[in-house]
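Visitor: I'll drop the sequence and a predicted model, then ask my questions.
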Amino acid sequence: DDLRVDGRGCDDYRHMEIETDVVSNTSGSARVKLGHTDILVGVKAEMSRPKLEKPNEGCLEFFVDCSANATPEFEGRGGEDLGTEIANTLYRVFDNGRNIDLKSLCICPMEHCWTLYVDVLLLQCDGNLFDAISVAIKAALFNTRIPKVQMIEDEEGTKEIELSDDPYDCMRLDVENVPCIVTLCKIGHRHVVDATLQEKACSMASLLVAVTKKGTVTCVRKVGGGSLDPESVFEMIETGKRVGKALHTPLQEILQKEESLGKKRHKVGFLG
Amino acid sequence: MPVDNKRVCGPEESQSPWLFLQQTRGQPTWVPQTRESERRADSRRRRGQVDARPMFARCGLVSQAKGSAYIEAGNTKLICSVYGPRETERKDELDMRAGRLVCAFRLAPFSCAKRCPWIQGSQEKDLTLSLQESLQPGVCLHRYPRSQIEVNVLVLENDGSALAHAITCASLALADAGIEMYDLVIGCSLRQDGAAYLLDPTCCEETGDESTENQGSLTVALLPALNQISGLLSTGEMKEATMVGAIRVCVEGCQRLYPAAQQCLLKSVRRKVHARSTDVDVGR
C-alpha cells in the first residue's frame, strides 16, 4: 500500500533540517534534526604523527557520545555500548581510502599529518540514528576549514612549521565521495526507510547500507536479532542504493547554498 | 584509556621490524617476502576462486565447558566454548520472556601479524557484536527464559576470514552443548578485488592494493536449511551489482560447508554415545 502511520511512503524521509558552523571553536561543525532526532557533530583538526603503515596519509578518528540528555537509559555508562557500536560502524564505512582524500591531509610524510577528530553528540533520539549521523558528518566535513601549513627546512636541516598569517587561508575537504548511510528496517514483508522508534520496535532485523554519490556501496551491515531472506536482502540493498543516491544531490545543493549566503546568513542555532 | 595494570607491558610504542623492511623495498604489505611465495604456490594454483579452504572441525575438546568446538581452516585456528544456560544477573523485563546470548570474540595477541594488546580493542567489540547478531536468529532463546548463554570464541591464529569461521565454530559449540537451535549458522567470507573474487581469503589475500576500483571484503552468515541470512558485514567500496553477486557466491559457499559441519556433529555424538556405553560396561 506504501502508506505508513504518519502518512509517509516506504521510501520517504522525515523533514530534515541541517545547519553548519554552529560551534565556533571547531574546525567544522554541523547540526542535523531529522524528525525529533537531533545530532551535533564537531570536527577538530589537529597535527599528529601518521600511522606507520600509512606514512603518507592523515586519519579520521570517530567518537560518538550518547549523552544523558537523549534518554535516561544513557545515564552514566549506559550509552557507551551504543556509542561504540556507532563509532565502529563509522570506522568501517570510512575504512577504504577512497571517500576522503587522506593524502591531502599529509603535511610531511612519516612525520606530520592532520588527524580529523570527528565527535558526534546525540542530543535527542527518535530512531534512525545512523542516517542522521552520516548526513551530519558529511555536512561537518564540508564545513571544515583546515589551516594551511608549510614545512620549511632550515640551512642546518631542522624543519619548522609555518602557519600562514591570514586566518581565512584554509584548505577545504572534498566531500563528493563521502557516503551516506541508509537504514532499512524489515517490517513484515516490506522494508521501510527512516523508521521511527515505534516502527523500529516492530522490526526484527534492519540493514544498514552506506551509499556514495556514484551509487557504490561502501558498507553493508545487518543489525538486529532476526534473520533475512537472501532475496529481501537484495531488494533492500537496491532500495538503499536508490534512496542513498537520491539523497546526495539535494544535500550538496543545500550545503552550497548555505555557504554562499556567507555573513548574511541568519544563524538559528539552538534557538529555533 | 584503559590501562592494563595486571601485566607487565612492554614500551608503549613498539613496532614490528617488518614495517621498516617493507619501506626500504617499497612494498605496502605487512607480510614478509617468504610467506608471499608460499601463498602463491598454495592457494592460487590448488584452490579455485569459489573453493573454500578445507575445514577441520571437532567438537567436545574443552572438558569443563558445556559445549566446545575447534575449527582449523588453512592456517586459521579458532576454539569456542559455550557455558550455560545460566541465571542472569540482571532481571530486565526482556529477560523474563527469552534468554540472552552473551558473546565474546577474542583475538590472541600472537594471532595476527601485528600484536594485539590484551585489552579489548574496538575491532574486537565490533566483531563480537556481529557474532552475536549472526548467532541470535539460530538459537531458540525463547526456550531459556531468565537465562543467559555465554559463547567465548578465541582466535589462536588469524590467517583470514576469522569472523566467518568464528560463526561456524560458535554454532557447532552451541549444538555440542545441547542448546536448542533452529539450524546451524555457517559463516563464509569473500574478498573482491576489481572483477576477481576469492572465497575464504587468507590474510595476504584480504589485504589488497588500495588503488583498484570495486574492492572489498564481505562476510555472510547463513542458516542453510532455512535459507535465511542471519549476518552480513562488508567493508570496502563495491558496486551494487558486484555486492549482490558476492552475496550469492557466499551463500553457495555456506551451503557447501554445511555437510562438513553436520558430519563433525554426528561424529561427536557417536563418540559420546560410545563413551557412555563403555562406561556402563565398565561400571557393571
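Guide: Happy to help now that I have it. Numbers count the residues shown, from 1 in each chain, chains lettered A, B, ... in the order given.

Visitor: in contact with the closest residue to B:Gly138 other than its chain neighbours, which residues?
Guide: Once flanking residues are discounted, B:Gly138 sits nearest to B:Val185: 4.3 Å by CB to CB, 6 or more residues apart in numbering or on different chains. (C-beta placed from N, C-alpha, C; glycine too.) Contact criterion CB atoms under 8 Å, 6 or more residues apart in numbering or on different chains gives B:134-135, B:137-138, B:167-168, B:170-171, B:221-223, B:230-231 as the residues in contact with B:Val185.

Visitor: identify those among those residues that sit within helices.
Guide: Judged by DSSP state H, helices contain the following of these: B:Ser134, B:Leu135, B:Ile167, B:Thr168, B:Ala170, B:Ser171.

Visitor: dump the residues you listed into TSV; add pLDDT as well.
Guide: Formatted as TSV, the ones in helices among the contacts of B:Val185 follow (pLDDT from 0 to 100):
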residue	pLDDT
B:Ser134	93
B:Leu135	94
B:Ile167	95
B:Thr168	95
B:Ala170	95
B:Ser171	95
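
Visitor: show me which of those residues is closest to chain A.
Guide: For chain A, the closest of the ones in helices among the contacts of B:Val185 turns out to be B:Ser134, at 8.1 Å, with distances computed as CB to the nearest CB.

Visitor: enumerate every residue touching the closest one.
Guide: Applying CB under 8 Å, 6+ apart, the residues near B:Ser134 are B:Ile167, B:Val185, B:Gly187, B:Ala221, B:Ser230, B:Gly231.

Visitor: count the residues that sit near the nearest residue to it once chain neighbours are set aside.
Guide: Counting by CB to CB, 6+ apart, the nearest residue to B:Ser134 once its immediate chain neighbours are dropped is B:Gly231, at 2.9 Å. When neighbours are counted by other CB atoms under 10 Å in any protein chain shown, B:Gly231 registers 28.

Visitor: now do A:Glu156
Guide: A:Glu156 has 5 neighbours, counted by other CB under 10 Å.

Visitor: quick one: which helix or strand includes it?
Guide: Take DSSP states H and E as the rule and A:Glu156 turns out to sit in neither a helix nor a strand.

Visitor: any low-confidence regions in the chain?
Guide: As the question left the chain open, I've gone with chain A. A:1, A:73-78, A:157-158, A:263-272 (pLDDT under 70).

Visitor: my question was about chain B, not that one.
Guide: Using pLDDT under 70 as the threshold, the predicted model of chain B has low-confidence ranges B:1, B:3-4, B:9-10, B:21-49, B:90-95, B:120, B:208-212, B:282-284.

Visitor: helices of the stretch 51-200 of chain A, start to end?
Guide: Counting by DSSP state H, counting those that start in this stretch, the stretch 51-200 of chain A has these helices, from start to end: A:80-93, A:129-143, A:197-202.

Visitor: again with the stretch 151-284 of chain B
Guide: Defined through DSSP H, counting those that start in this stretch, the helices belonging to the stretch 151-284 of chain B, from first to last, are B:162-176, B:203-206, B:240-283.

Visitor: out of the ones you listed, which gets nearest to chain A?
Guide: Go through the helices of the stretch 151-284 of chain B one by one with CB to the nearest CB and the one that ends up closest to chain A is helix B:240-283, at 4.7 Å.

Visitor: name the helices or strands packed onto the closest one?
Guide: strand A:217-223, helix A:230-261, strand B:55-59, helix B:162-176, strand B:186-193, strand B:196-199, strand B:215-223, strand B:228-237 (3 or more CB pairs under 8 Å, 6 or more residues apart in numbering or on different chains; DSSP states H and E).

Visitor: sorry, back to before: tell me which two in the contacts of B:Ser134 are the farthest apart.
Guide: Distances among the contacts of B:Ser134 were taken as CB to CB; the most separated pair is B:Gly187 and B:Ser230, at 9.4 Å.

Visitor: need the overlap of contacts for those two.
Guide: With contacts taken as CB under 8 Å, 6+ apart, B:Gly187 and B:Ser230 have B:Ser134, B:Ala221, B:Leu222 as neighbours in common.

Visitor: distance from the chain centre to stretch A:27-36, please.
Guide: Averaging C-alpha coordinates over stretch A:27-36 and over its chain gives two centres that are 10 Å apart (CA atoms, centre = their mean, to the nearest Å).

Visitor: show me what counts as buried in it.
Guide: With burial defined by 16 or more other CB atoms under 10 Å in any protein chain shown, the residues of stretch A:27-36 counted as buried are A:Ser27, A:Gly28, A:Ser29, A:Ala30, A:Arg31, A:Val32, A:Lys33, A:Leu34, A:Gly35.

Visitor: the last one: what's it in contact with?
Guide: By CB under 8 Å, 6+ apart, the contact set of A:Gly35 is A:Arg14, A:His15, A:Asp126, A:Gly127, A:Asn128, A:Asp194, A:Thr196.
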